[in-house]
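K.L.:
quick one: sequence and predicted model below, then my questions.
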Amino acid sequence: MDTKIVPGKAYGFFTDTSVCIGCKACEVACKEWNQLPSKSRGFLGDSLDNTGSLDGQTWRHVKFIDNVPDETMSTGDGRAFLLMSDVCKHCTHASCMDVCPTGAIVRTEFDTVFIQQSVCNGCRNCIAACPYDVIDIDPDRDVARKCTLCYDRLQGGMQPACAKACPTESIQFGPLDELRETAKKREADLHEQGLMQANLYGHDDKVYGGLNAFFLLMDKPETYGLPNAENAVLPQRNNRAGYLGLLGTAVLGVLGGIFALRNRGTDE
Amino acid sequence: MTLLAASEHFAGPPHWTWYILVYFFLAGLAGGSYFLATLLRYWGAPGDEPVARLGFYVPFPATLVGLLMLTLDLKQPLRFWHMLFNTTPGQFGLNFNSRTPMSVGVWVLLVGSVFAFVSFVDTLVRDDRLRNRPARRLAALLEGGAGKAWNVVGSALYLFIAGYTGVLLAVSNQPVWSDSWALGGLFLASGLAGSAALLLLLMRYRPGTESSRAVLEVSERVFTALELVLLVVVFLTLIDDGTLGKALDFPWTLLWLVVLAGMLPSLRDLAVRRFRITPEGAVVAGRVPVWAAAWLVLAGVLALRAAVIFSAQS
């Protein structure tokens, strides 16, 4: 990557899952650069996965989605065993930012979503809101943490550690507009090769206004644990109806209380 | 909330557990008690004043303990004030995020606790348990229309406190919680019923309260009926989004049974005896002793919140 990184421009990841080989170099590079401990979760019994999920100390997680049929019916076309290096999506309309009561979650000059460690008080509202199960509490620091898209490296003009370490260029870093062009070409190439199941996720504004970390998937989003466009909704959607429900109940409660007072004189 | 199309949820649980449960429970009781106390003082009979005072004793300590629970639940309890003040470098100032009920609730709690404290002190003065001059001056300020206005505003704030916790859960991407818009109303109705039950229990510790028993029992029946309606609405919305099974899954089924058990005495009395009052002014009693029914209602209030909080995160 020889792009000059300039503040004020939107950057992100394009993760092409069709070329991920599950080597986990991204996980290692992430932990190495961000000095995140690698605590053993023991034997998960889930294929080659040994981190389980994203959490406060695992900001890159290679998902091994075992779709191997019980009886081999075809060559699989890459569908039988799906691999995906998962990460924070740095959503344009970020649910976590939406609900953060402390203002700890901010958008950086690189258009990424960043949790300020000195501001977060660990209320965990962002965890309840994140539709991708990305954010969690770092048990060593007791604050919410997630991928920063290597904010410190970007400030130093370097690309994120995971993208640099990826040996197959499954993870590509760059300006969003360039990445989107690359992704569209890649999708078209795969379609030409007959892999019609290849689809882009989060490259446009249908999912949370667009994801700065978007994906080329080889199956439908739900298979990878990603909500489809219809279900990619912000927590704030329930504010109005929730408060109206509360107000309606309060009115009925007041009327009920007045009824109880008025009824005290009614004989049997 | 689509019609008969199951929602997808991939969000992880925030691990809100016991501290939050206790806070939700206390918020419901504080809210209902303040409202009932105001209602009894200004719209009830003169004989309702002793129970009104009981009601005004509840919100302040309940709010204090609730705030303590909220603070202890934070992973960084000493940063509780970050909810109120923005500590982002270069952006110092007050914090308010209208998109999350957590931020709205913190501010309402802060203002509401002032109302609860003043009403608490006022009640101590009225009961002649606090005689110092500042307290008496404060109580004097609340005589007449000013006191009524103070308590009405306080009631509005506390009705919000009793129910916003349900809206807070709904404003998320969690299964069950975000699938129903009626949780706020349900928590409020349950808090009102629980507060009526709590005052019925506390009455025994204060002489001269017997004349208010009928009002409280009828209130409890009305609020429980409201709670039942909202429970049905919540279940219907969960069916619509395909998450009712998760909410009712074992062992949470047991908690829902406690919720129903808490509602049954009132609902049974409502069905059989409606709101009939004896010539002496007492409500026609049901089969379950009042104290037992009241404890059952309180257990149901707690179980309701536990079932909602825990089932979604399992």
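P.N.:
Alright, I've got the coordinates. These figures come from a predicted structure and were not determined experimentally.
K.L.:
for the residue lying closest to B:Leu138 once chain neighbours are set aside, give me its contacts.
P.N.:
Sequence neighbours aside, B:Val121 is the residue nearest to B:Leu138 in space, at 5.7 Å (criterion: CB to CB, 6 or more residues apart in numbering or on different chains). For every residue, glycine as well, the C-beta is placed using N, CA and C. Residues in contact with B:Val121, defined by CB atoms under 8 Å, 6 or more residues apart in numbering or on different chains, are B:130, B:135, B:138-139.
K.L.:
which other residues reach the longest helix seen in chain A?
P.N.:
Identified as the longest helix of chain A according to DSSP state H is helix A:239-262. Residues outside helix A:239-262 that contact it (CB under 8 Å, 6+ apart): B:35-36, B:39-40, B:43-44, B:99, B:101, B:159-160, B:163-164, B:166-167, B:170-171, B:181-186, B:188-189, B:192, B:215-216, B:218-219, B:222-223, B:226, B:230, B:275.
K.L.:
could you list the buried residues of it?
P.N.:
The neighbour-count check on helix A:239-262 (16 or more other CB atoms under 10 Å in any protein chain shown) flags A:239, A:241-243, A:245-247, A:249-250, A:252-254, A:256-257, A:260-261 as buried.
K.L.:
for it, list the C-alpha coordinates in CSV.
P.N.:
Output in CSV follows, covering the C-alpha atoms of helix A:239-262 (Å, rounded to 0.1, in the frame of the first residue of the first chain):
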residue,chain,number,x,y,z
ASN,A,239,-37.2,5.8,21.0
ARG,A,240,-40.4,7.4,19.7
ALA,A,241,-42.6,4.3,20.1
GLY,A,242,-41.1,3.4,23.5
TYR,A,243,-41.6,6.9,24.9
LEU,A,244,-45.1,7.1,23.4
GLY,A,245,-46.0,3.7,25.0
LEU,A,246,-44.7,5.1,28.3
LEU,A,247,-46.7,8.3,28.0
GLY,A,248,-49.8,6.4,27.1
THR,A,249,-49.4,4.1,30.1
ALA,A,250,-48.7,7.1,32.4
VAL,A,251,-52.0,8.7,31.2
LEU,A,252,-53.9,5.5,31.9
GLY,A,253,-52.1,5.1,35.2
VAL,A,254,-53.2,8.6,36.3
LEU,A,255,-56.8,7.9,35.1
GLY,A,256,-56.7,4.6,37.0
GLY,A,257,-55.5,6.3,40.2
ILE,A,258,-58.3,8.9,39.9
PHE,A,259,-60.8,6.1,39.3
ALA,A,260,-59.6,4.3,42.5
LEU,A,261,-60.1,7.6,44.5
ARG,A,262,-63.5,8.2,43.0
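K.L.:
now it, how far from the chain's geometric center?
P.N.:
38 Å (CA atoms, centre = their mean, to the nearest Å).
K.L.:
stretch A:158-178 now?
P.N.:
On CA atoms, centre = their mean, the centre of stretch A:158-178 falls 17 Å from the chain's centre.
K.L.:
and that stretch, end to end?
P.N.:
By CA to CA, to the nearest Å, the extent of stretch A:158-178 from end to end equals 17 Å.
K.L.:
report the buried residues of that stretch.
P.N.:
Across stretch A:158-178, burial judged by 16+ other CB under 10 Å covers A:159-166, A:170-176.
K.L.:
narrow the residues you listed to those in strands?
P.N.:
In this view, those that belong to strands under DSSP state E are A:171-175.
K.L.:
quick one, helices of the stretch 51-200 of chain B?
P.N.:
Taking DSSP state H, counting those that start in this stretch as the criterion, the stretch 51-200 of chain B carries its helices at B:59-73, B:101-126, B:133-141, B:145-170, B:183-202.
K.L.:
and the angle from the shortest one to helix B:145-170?
P.N.:
Relative orientation of helix B:133-141 versus helix B:145-170 (axes from the mean of the first three to the mean of the last three CA atoms, to 10 degrees): 90 degrees.
K.L.:
buried residues in helix B:133-141?
P.N.:
Residues B:135, B:138-139 are the ones in helix B:133-141 that count as buried (16+ other CB under 10 Å).
K.L.:
which of the residues you listed sits closest to chain A?
P.N.:
For the buried residues of helix B:133-141, the residue nearest chain A by CB to the nearest CB is B:Ala139; the value is 24.8 Å.
K.L.:
just checking, the closest one touches B:Asp127?
P.N.:
No. With contact defined as CB atoms under 8 Å, B:Ala139 does not count as touching B:Asp127 (10.5 Å).
K.L.:
grab the nearest non-local neighbour of the residue of chain A found nearest chain B.
P.N.:
Relative to chain B, the nearest point of chain A is A:Gly122 (2.5 Å; CB to the nearest CB). Distances taken as CB to CB, 6+ apart put B:Lys75 closest to A:Gly122, at 2.5 Å, once the chain neighbours are dropped.
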